[in-house]
Structure formats: C-alpha cells, structure tokens
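Student: Next comes the sequence, and after it the predicted model I'd like to discuss.
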Amino acid sequence: MSARVVRAAVGGATFALAACAAHRPRAPEPTFRAMAFFTAKQDPAHISFVREAVRWFPAMAAQHHFRFDTTSDWRKLNADSLAAVDVVVFLDTRPEDPAQRAAFRAYMERGGAWMGFHFAAFALTPSAVPANWSWYHDTLLGAGQYRSNTWRPTSAVLRVEDRDHPATRGLPARFPSAPNEWYRWEKDLRQNPDIRVLLSIDSSSFPLGTGPKPSEIWHGGDYPVVWTNTKYRMLYFNMGHNDMDYEHRVADTTSTLSYTLTNAVQNRLIVEGLLWLGRPRQR
C-alpha cells in the first residue's frame, strides 16, 4: 500500500471519528449544585454513615443530573462559596465557628436550601455539642435540644403523614426503614405552626429498641422523624446512624453491621427531597 493511500485511509478514519464525536449526545448540564459538609469524628456510626453518603450521593447526582460536592472543610461555609451553592447538606454535625453560623443563617434567610441528617440536629447542654445556637435548633429545626434515643439501632415502621409534599408523593403509606438510632426532642414539633411533619414512627414499631437500658426501649409515643419548616427551604431526616459492631461480636475491630442508604423507599424519599430543594424557588 502506498504512503498516499495510507494517509488517505487515516484521514478518512479521523474524519469519521470526529463526525461521530460531533453527533454524540452531550451529558446534560447539572440542574443544581449541592455541597455536603461533614466532620466524621464524633462516633463510629456517624463516620460509617458519612463514608456511605459520600459514595452514594454522587452516584445519585450522576443519575439525576445534579452536582454533589463534599467537604470536611467548614471554612467553605462562607458567603462567597455559598453564593454558588443551591443546596447545603449537613451529613453529621453543624458548624461551630460564629462566622460560619452567620454565613449559613444569611444564606437560608435569603432563600437558600438545606438538608440535614441525624446528628446534624443534635444539641445537649452539657455535652461536647452544647445547645448554644438558638436560631438553628429552635427556629430552623424547631426541635430544641436532644432528649433521649432508642438503642440499639433498629428498623422502625415509618408512617407517611403528608403525602402532598414533593418528597413524599408516591411513597407507600407505611414502610420499614433502615436500622437507625431514633431521637426524641425537647420541643413538641406538633405545636409549632411553621413545622410540617412528613413522616413519623408508626405505632406498630413499638416496642422500639433493645436496650440494655429500659429508657432506650420506647413503648409508645409520638416521634416525628422527617419534617420541613415552611418558612425555609429545608428538610431534616433523623436517619443517618449505622449499626456498628461496638462489642466486636463479628470482628476484632469495629465494623459496620447495617447501612442507612440501602433501603429503596427511604432512598427515594431522600432523592425526591433533594430534587425538590434543588429546584428554583417558586414565587
């Protein structure tokens, strides 16, 4: 084969590849950007959940065409960074620095969106996470301080109370959750006119928890686990505490016994909630 023929063949192949590339569908532009903050230092169960979440959320982002970034650098919770973020996510705790708290509050009061999980709402005085941020715990979340919890992490039957919210439409009326440590709060969310409870623990779950302390086993009561504040663009999920092998029953080191983001119905709730928060605010 002559050099001229070879050059012609190569040129034709290059043109064909370029033509195919030109007609290849482009990946859609992200519809919104979410940024998740985490600390991953407080408890093996919270660390396990964070590790699970930083893998799962980007996979959901690729599937649903949004952008999901994660960081443990809370200094990025500032006005300049937040100006480019549509949804802020707290995976396992809250900011402690006054400037970061002020930036987050200003972001929310200007119409920003937030999603929080489990320990992100925890506050207890005295503790390593004291109740020293009233706007966040009393106004935004409406729950006040932590009061008690179930133990061990166990699945509960969750009742969908509000089926008109975009996060809950199409969900079954009741469904079993992934195992979790469930929280009880200082304030009665039902008495707050700004709080819209979306899911709570169904009475068929009781007794809930295995102890060993009697107080860690709930035999009845009203326990909201997912809610929104109608004055803000926000969703809180009490889920986010994986079960751990604290007693080394399975392995010589602490290992994860259950995961939060393996429940199809619960995952749908989280994704639909995030998509709702990421949509442009309707005025």
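Tutor: Noted; the coordinates are in hand.
Student: Ramachandran angles for the nearest residue in space to E161 that is not next to it in sequence?
Tutor: Leaving aside its chain neighbours, E161 sits nearest to V197 (5.4 Å; criterion: C-beta to C-beta, 6 or more residues apart in numbering). To be clear about C-beta, it is placed using only N, CA and C from the backbone, and glycine gets the same treatment. V197 adopts backbone torsions of phi -80, psi 130, taken as degrees, to the nearest 10.
Student: Quick one: mean pLDDT for stretch 74-84?
Tutor: On average, the pLDDT along stretch 74-84 is 98.
Student: Oops, could you answer that again for stretch 172-183 instead?
Tutor: Mean predicted lDDT for stretch 172-183 stands at 98.
Student: Show me which residues of that stretch are buried.
Tutor: F175, S177, A178, P179, N180, E181, W182, Y183 (16 or more other C-beta atoms under 10 Å).
Student: Q42: what secondary structure?
Tutor: Here Q42 is coil, with the state taken from DSSP: H, G, I helix; E, B strand; the rest coil.
Student: from memory it sits against D92, does it?
Tutor: Yes - contact criterion C-beta atoms under 8 Å: Q42 and D92 qualify, at 6.7 Å.
Student: list residues touching both of these two?
Tutor: F119 (C-beta atoms under 8 Å, 6 or more residues apart in numbering).
Student: More neighbours: the two, which one.
Tutor: Comparing Q42 with D92 by neighbour count (other C-beta atoms under 10 Å), the higher total belongs to D92, at 27 against 15.
Student: Let me know the helix or strand that the nearest residue to that one once chain neighbours are set aside is in.
Tutor: Nearest residue to D92, sequence neighbours excluded (C-beta to C-beta, 6+ apart): H46, at 4.5 Å. Per DSSP states H and E: H46 is located in helix 44-64.
Student: Please identify the buried residues of that helix?
Tutor: In helix 44-64, counting by 16+ other C-beta under 10 Å, buried: 44-50, 52-54, 56-58, 60-61, 64.
Student: of all the residues you listed, which comes closest to A120?
Tutor: When the buried residues of helix 44-64 are compared for distance to A120 (C-beta to C-beta), H46 wins out at 9.7 Å.
Student: looking at it, the closest one is touching A40, isn't it?
Tutor: Yes - using C-beta under 8 Å, H46 is in contact with A40, at 6.9 Å.
Student: list residues touching both of these two?
Tutor: Joint contacts of H46 and A40 (C-beta under 8 Å, 6+ apart) are D92.
Student: ok, V265 to V88 distance?
Tutor: Distance of V265 to V88, computed by C-beta to C-beta, to the nearest Å: 25 Å.
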